[in-house]
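Peer 1: Please work out how this folds:
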Amino acid sequence: MAKPNLTSMSIDALLKLRDDISRVLDRKADQLKQQLASLDKSDWRGTRGASTLKGRRVPIKYRDKSGNTWAGRGVQPVWLREKLKSGAKLEDFAVQNSHNTSPRKSKKQRKAKR
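Peer 2: Numbering: from 1, shown residues only. This is a model prediction of the structure:
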């Protein structure tokens, strides 16, 4: 498309050109809004951002005699790091797991509270 010489156009022609440009921009904006709406409907947010496991409680894996605990997730706590540097082994702090130490409540307990 040839570039129009805007300085030589009449006021009516410039107003018409402005209206045409406004209509085209509105159409493009509507198309983009529809595309964003279709992306919002799909579950694209589930693949990014916070983990689905964030905030869930996990059983304690390591404990010292002072009562400090660590579940084995994330950065090692300072108390454990210091004791490992002083020569202790990680296995020295391991907690023996039994079937009843799960932080989840059984279905019977959940139903009873309702």
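Peer 1: In the beta-sheet assignment, what are the partners of the residue nearest to Trp70 when sequence neighbours are not counted?
Peer 2: Nearest non-adjacent residue to Trp70, counting by Cβ to Cβ, 6 or more residues apart in numbering: Tyr62, 4.6 Å away. In this view, the C-beta of every residue, glycine as well, is placed from N, C-alpha and C. Taking DSSP bridges, one finds Trp70, Ala94 as the beta-bridge partners of Tyr62.
Peer 1: surely Tyr62 meets Gln96?
Peer 2: No. Using Cβ atoms under 8 Å, Tyr62 is not in contact with Gln96, being 11.5 Å away.
Peer 1: that older thread, okay, now the residue nearest to Trp70: neighbour count?
Peer 2: 19 (other Cβ atoms under 10 Å).
Peer 1: contacting residues around it?
Peer 2: Residues in contact with Tyr62 (Cβ atoms under 8 Å, 6 or more residues apart in numbering) are Thr69, Trp70, Ala71, Gly72, Leu80, Leu90, Phe93, Ala94, Val95.
Peer 1: List just the nearest of those to Ser38.
Peer 2: Of all those, Ala71 has the smallest distance to Ser38: 40.0 Å, by Cβ to Cβ.
Peer 1: For Leu25, see how far away the closest one is.
Peer 2: 54 Å (Cβ to Cβ, to the nearest Å).
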